[in-house]
Structures are given as structure tokens and as C-alpha cells.
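Asker: model this:
(chains A and B)
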Amino acid sequence: MRVDRAQAASLAGRWGLRTIAIAYLVVILIAPLVFVFYRAFDHGFDTFWTAITSEAAVHALYLTVIITAIVVPLNAIFGVGAALILVRRRVPARPLVSALIDLPLALSPVVVGLCILLVWGPDDWLGQFASDAGIQVIFALPAMILATTFVCLPFVVREVVPVLREVGTEQEEAASTLGATGMQTFWRITLPAIRWGVIYGVVLTTARALGEYGAVAVVSSKVSGESETLTLFVKSQYDQLGDDPQVGAFGASVVLLALAVIVVVGMNLLTRKGAIRGDHGL
Amino acid sequence: MPPSSGITARLPRAGTGDRAGRVGVPLGIGVAVLYMSVIALIPFAALVNGAFDNGWDAFWTAVTNERAMTALKLTVGISLVVVAINVVMGTIIAWVLVRDRFFGRTFLNSLIDLPFALPTIVAGVTLLAIYGPDSPVGVNLAFTRAGVCVALLLVTLPFVVRSVQPVLLELDREMEEAAASLGATPRQVFRRVILPNLTPAILGGAGLAFARALGEFGSLVLIAGTLDTKVSSLYIIELIEGDHQASAAAVSVTLLVISLISLLLLSGLERFFSRHAR
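Answerer: Numbers count the residues shown, from 1 in each chain, chains lettered A, B, ... in the order given. Below is the predicted model:
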């Protein structure tokens, strides 16, 4: 009898926990996601389409893509290089260097924007050189790229470092013993071994670069159709009164949400790839 | 290149055994250091410099004046509430995702990562679509502290879940079965066997969630901003827009110090509990 009661209690507990978990996720995440779609398509698909294909919206998407296309390759190259140095070289004060690379994770995006503002302002440390050269950095595209690069700095490094540690140096040593040059060893041995880590880091960087708001908001002049990224467009549309801008805000949100879903699906696929790699027992 | 014997090949580190490597590696290190300096280190140094530009007194005034203190206290207070809810709900969700079997579990599991990939401003708009001024369910949380909490709960959802899940997967079920067969009630099994094993992971996730909540901006910019919902990140942007950059830098540095101290504290606790769990 005692066992029966224990079983009943555990069944009730199981149902209770399941209900609590699902209810929480519905309130915090699922219901809001459903309703953002509802609000975007509330006035019909045509209204939605007009809102997200307006000149300002298309330019915002274009700017977001430009920034992402510049930031992701730069940070990918830096990330792989920095990871190689951190793992394979003797680095003085390694924990400190690691912590400095992780710094953007502990900083508020607004603070990152402020950092860029303080160093690239026309009279400030690096801004002087830029204004001498006649380049407008702050409140223009270069500052938005710099802010996004800062925010996205740690992602590739953090993914590649553990993979590099796991892979070890045996194969690289074998390759160079057999006469491979440094470049050959890197392209033929090291990079294929760490590729899933690099790709995962690149996916995270892309997601963050597409979606960054705070850091970019501080350093952009926020002129519609000129210096507005898609996230800044969402904000400026939401702040305007009336139905059309609201559809613009919810519509652009749905576009960004769709990109986020693609990223999550990609992350899941990559995690599975990673598991396969692990099974081969490197 | 002459064929090298085993010993000479092992002496230089991999990839340095040729002329290109000898020039390439220091060059690579130089470029990496320069890149990191221009992108992050110099701007960060400018922030710290900016905070103390007008002397220690100006820094102290900027941080301890009534509005800055109100914002900092609110930020820390709300973040603590959010972390407490995350600790409980994150553990429950991780438990349900690992131990329970039901239709849609895999879907829920992949949904957990979404807040990491979701742009923060979209998180804010998404919440306002249902809990905003024109709420279809009649709940308006815009410009309330409850709204700030919900937004922070959304963006910090994955931290505790994702740090507890792998530990729960690895946990030896035989320990629980042994405890149960020795007469322990499910509650005792949870408190004496499962919880001690999960504590380090819960603390790790909580630390990250707290740091994120302290600095969160994008998801709050549309939901908060009134006098009693102005968290530090919103206060900082107000200072920047009012051209009080030194004060903004001072509050920023304080926020970062709070964040770093809490991360250090929690990783210390994490180590303490992982030593005492087994």
C-alpha cells in the first residue's frame, strides 16, 4: 500500500511540475511570441508587407546586413587567431587576457556604446586621428560597426578555445614533422578539426550582430532611412503613434524573430554535429 | 627543408618549424593584440578614464546622488528578484525537460535557446504585444516594475535551465533509487541527494543571469523609463543623451564593478558547493 501511495504522490508531483513548467513558459515566452505574430498580421498580410517593404524598413535591413557582413568575418578571424594564441602559446597573465576578451559579456550594451563614444568622439583619443583624416566615425556607420564588433568579440574565441584544447597538438606535430609549412598545417589539419566550433561561434556572432540594439543606439544618429538598423527601426516605429507604424514595429520584429528561429535551429543542428564529433573520441 | 629528426621536430612548437611561421606567428600575435586594443581595450580604458576625469569627488557625486542611487538600488533589487525566480523555475524546467516524457518536450527544449538568439528590442516588443497598452488579454505591464521583471525573466530564461540540464542528465539515478529503497521520501531524496548535486550548476547559471539582468537595456527600453522603473542602463542612456558623459561613465563603472563582484562571489560559492557535494 505504501508503495502505491508513493507512486501516486510521484505521479501527482510529476504532473504538477510539468504544469508549472509549461505554464511559466507559456506566460513568459510562448504567448508573447504568438501575439507578436497576431499583432503583425492583425490588419492583413498586405499591410504587413507594405510596412516591412517601406523604404525605411528596407534600408534598415540593408544597413543591418552590411554591419553583420563586416563584423562577422573580422571577429571570426580574430577569434580563431586569439584562440590559437591562448591555447598554443605561452601567454603572460593568461587568465587576465581571457577575462578581458570576455569583458563585453559583463558590460551593459549601453556601456559598450558609451566606451565607443568616449574614444571616438571628435576630440577624444582615437577620434582626433579620424577627424584629422576627415572620416566621420561617431554617429555614423564606422561607429556602429565598432560598437557591434566590441559586443561580439568573445563569441568565436569562447567556442574555439575548448575545441582546440580537446583536439591537442599531435596531428599538427605529425604534419610539421612530415614537412608541412605552418600555413599548410593550419588549413589542412587545425581548421578542419575546429570547424564546428568556429561555425558555432560564427552563428552566435551573426545572431548578436543582427540583433544588437543598445550599443548601436548610443553611437548612431538614428536618422530613418540613413543610419537606422533594423532593431533601431523597430524602436522608432514603436514610438510613433498610429496603426501603420505599430504594424511596422511588429512586422520588423517578426522578421528578426524569424532570423532568430533560423539561428536556434542551426544551433541545434550544430550541437548534434558536435556530439557526433565527440563520439569519434578525439 | 631537411627531414628533421624526432627530437628537433618536437623542440619548436607546432607550425613554427619553417621560416614563414617564424615571421608569421609574432605578426599574428601583434595583429591580434592591436585588434583587441582598438576594438575593446582602448575604448574600455577611455570609459574608466572618463569616470575619473573630473576627480574622485565628481565620481562619488555622480554615483551617490539620489537619482543614481535609486537607479542602482532598483537594478540590483529587481535583478535579485529575477534571479530568485530563475533559480526556482529554471531548475523545475530543467527537471521537466530531462526527467519527464510528454508530447512537445523536444519542441519546448529547443525553444529555451530562443531568448539567446532573439534581439533584445524584439523581446521587448514581443512582450508589449501581449502585456502592453493595447493588451488583447487585458494586462498592461508597460512602465511597471512587474513589466521590467517579466522582460528580464524572458531574456535570462536560458541561463539556469541550460546550466542545470547537463548535470541532471549525468546524475546517477542509482543514488536516488538507493536513497528511496532505504526509506527516504521523494522530498528527502530531492533535498539530500539531488539538490546538493545541482547547487553548483544552479549558482553558475544564477551568476550569469544576474550579470545579464544588471546590464539589460534593449528589452527594457520600451517597457520601462518612468521614475520608478528607471534601471541603471536607462539612467546611463539618459545621462549620455543629456551630454553628461563623465557621470554616465561613473555609473557604468559602478555597474560593472557590482557585476564583477557578484560573478566572483558566485563562482566562489559554486566551487565551495561542488567541493562539498560529493
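
Asker: for the one residue in the stretch 151-282 of chain A that gets nearest to chain B, which non-adjacent residue is closest in space?
Answerer: Nearest residue of the stretch 151-282 of chain A to chain B, counting by C-beta to the nearest C-beta: A:G211, 2.8 Å away. Yep, even glycine has a C-beta here, placed from its N, CA and C like the rest. Nearest residue to A:G211, sequence neighbours excluded (C-beta to C-beta, 6 or more residues apart in numbering or on different chains): B:P119, at 2.8 Å.

Asker: who's in contact with that neighbour?
Answerer: B:P119 sits next to A:210-213, A:231, A:234, A:256, A:260, B:218 when contact means C-beta atoms under 8 Å, 6 or more residues apart in numbering or on different chains.

Asker: in a markdown table: these, plus distance to A:V97, neighbour count and secondary structure.
Answerer: Putting those into a markdown table (distance: C-beta to C-beta, whole Å; neighbours: other C-beta atoms under 10 Å in any protein chain shown; DSSP: H, G, I helix; E, B strand; the rest coil) gives the following:
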| residue | distance to A:V97 | neighbour count | secondary structure |
| --- | --- | --- | --- |
| A:L210 | 28 | 24 | helix |
| A:G211 | 27 | 26 | helix |
| A:E212 | 24 | 30 | coil |
| A:Y213 | 29 | 27 | coil |
| A:T231 | 31 | 25 | helix |
| A:V234 | 36 | 29 | helix |
| A:L256 | 34 | 25 | helix |
| A:A260 | 31 | 22 | helix |
| B:G218 | 29 | 29 | coil |
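
Asker: wait, B:L255 sits on A:V111?
Answerer: Yes: B:L255 is in contact with A:V111 according to C-beta atoms under 8 Å; the separation is 7.0 Å.

Asker: name the nearest residue to the most centrally placed residue in chain B, sequence neighbours excluded.
Answerer: Relative to the mean C-alpha position of chain B, the nearest C-alpha, by C-alpha atoms, centre = their mean, is the one of B:L208, at 3.0 Å. Nearest residue to B:L208, sequence neighbours excluded (C-beta to C-beta, 6+ apart): B:F159, at 4.6 Å.

Asker: what about A:L259, how many neighbours?
Answerer: A:L259 has 20 neighbours, counted by other C-beta atoms under 10 Å in any protein chain shown.

Asker: now swap in A:L146 and tell me
Answerer: A:L146 has 26 neighbouring residues, counting by other C-beta under 10 Å.

Asker: now, which of the contacts of B:P119 sits nearest A:W120?
Answerer: A:E212 (16.9 Å; C-beta to C-beta).

Asker: list the contacts of the closest one.
Answerer: With contacts defined as C-beta under 8 Å, 6+ apart, A:E212 is in contact with A:109, A:147-148, A:151-152, A:229, A:231, B:119.

Asker: just the element for residue 74, please.
Answerer: Because you didn't say which chain, this covers chain A. Taking DSSP states H and E as the definition, A:L74 sits inside helix A:55-88.

Asker: think we crossed wires, I meant chain B
Answerer: Using DSSP H and E, B:L74 sits in helix B:66-99.

Asker: what sits against the residue in the stretch 1-150 of chain A that chain B sits nearest to?
Answerer: Using C-beta to the nearest C-beta, the closest approach of the stretch 1-150 of chain A to chain B is made by A:S108 at 3.0 Å. Taking C-beta under 8 Å, 6+ apart, we find A:S108 in contact with A:214, B:214-217, B:232-233, B:236, B:252, B:255.

Asker: interface residues of the stretch 51-200 of chain B facing chain A?
Answerer: Counting by C-beta under 8 Å from any C-beta of the partner chain, the stretch 51-200 of chain B comes close to chain A at B:89, B:92-93, B:95-97, B:100, B:102, B:108, B:110-111, B:113-122, B:125-131, B:136-137, B:150, B:153-154, B:157, B:185-186.

Asker: again, 6 Å this time
Answerer: Taking C-beta under 6 Å from any C-beta of the partner chain as the contact definition, the stretch 51-200 of chain B meets chain A at B:89, B:92-93, B:96, B:100, B:110, B:113-114, B:117-122, B:125-127, B:129-130, B:153-154, B:186.

Asker: now do the strands in the stretch 1-150 of chain A.
Answerer: Read by DSSP state E, counting those that start in this stretch, the stretch 1-150 of chain A holds no strands at all.

Asker: just the helices from it, written as ranges.
Answerer: A:2-25, A:31-41, A:45-52, A:55-88, A:94-106, A:109-120, A:127-132, A:141-152 (DSSP state H, counting those that start in this stretch).

Asker: out of these, deepest packed?
Answerer: helix A:109-120 (a mean of 29; mean count of other C-beta atoms under 10 Å in any protein chain shown).
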